[in-house]
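K.L.:
Sequence first, predicted model second:
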Amino acid sequence: MIGSAVTVFVVDDDPAVLKALERLLRAEGYRVRAFSSPSAFLSGHDGEAPGCVVLDLSMPEVTGLELQEKLTALGHERAVVFISGHGDIPSSVRAMKGGAVDFLTKPFDDVDFLAAVKAAVGRDLYLRAMRAERGAIRQRLAALTPREHEVLLHVVAGRINKQIAADLGTVEKTIKVHRARIMDKMGVDSMAELARLCERAGVGSTPNKPLA
């Protein structure tokens, strides 16, 4: 059984399908929020809740693809599983390019559906963990002084102290002090660890690229 810490949002204008999917998901231990229309979903969707969205492709008000695009435009990076009453290769390609995890054609097997939902939830949790990690790293970066920011960019570009000192018009001893302070503020013990944190935070590998 999957823990109830995640929510599966289901959007389908067919009451029978909506009820069946809600029952199936609840049996697996998921929290479920079911909506019969895209407008109801947009009003009730909680972007902070971990989980995924199951979208019917063909709905009269707004199509599933359009709803997926609306979510993206609103800044909600959601893992989506599409369900459709008919095979539609162009739509499935468009859905997958938009970040969908799977595209299932009705009637689909319960096992396949639950596997798709599990994959979508897994992607959502992974992306949330990555965003949280980047946020924590950027908080550390924000504690650096402007000069330390400059030195850090040169360091992650692979330049040695002597080169950095020449580039910044100072002495090598000063660069060593800056590097030590950077390591302390970033909470790392090695240059390899510092480089990994910077890469995860999107810090450029060239001295003239600003910090994220």
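P.N.:
Ah, there it is. Numbers count the residues shown, from 1 in each chain.

K.L.:
For V54, pull up the helix or strand it's in.
P.N.:
Under the criterion of DSSP states H and E, V54 resides in strand 51-56.

K.L.:
so what's the residue most central in space within the chain closest to, chain neighbours aside?
P.N.:
The geometric centre of the chain, computed from its C-alpha atoms, lies nearest to L127 (Cα atoms, centre = their mean), at 3.3 Å. Using Cβ to Cβ, 6 or more residues apart in numbering and skipping the chain neighbours, the partner closest in space to L127 is E77 (6.1 Å). Every residue, glycine included, has its C-beta placed from N, CA and C.

K.L.:
hang on, the earlier thing: sticking with the residue nearest to the centre of the chain, tell me its helix or strand.
P.N.:
With DSSP H and E as criterion, L127 is part of helix 110-142.

K.L.:
repeat for V155
P.N.:
helix 146-156.

K.L.:
Check which residues of the very next helix or strand once past that helix are buried.
P.N.:
Using DSSP H and E, the helix or strand that follows helix 146-156 in sequence is helix 161-168. For helix 161-168, the buried set under the neighbour-count rule, 16 or more other Cβ atoms under 10 Å, comprises N161, I164, A165, L168.

K.L.:
T145 and I182: what is the separation?
P.N.:
The spacing between T145 and I182, counted by Cβ to Cβ, to the nearest Å, is 10 Å.

K.L.:
Looking at those two, which is more packed in?
P.N.:
Higher neighbour count among T145 and I182: I182, with 21 against 12, using other Cβ atoms under 10 Å.

K.L.:
quick one on the thing from earlier: so the residue nearest to the centre of the chain touches G99, yeah?
P.N.:
No. L127 is beyond contact range of G99, at 9.9 Å (criterion: Cβ atoms under 8 Å).

K.L.:
Give me the common contacts of these two.
P.N.:
E77, A79 (Cβ atoms under 8 Å, 6 or more residues apart in numbering).
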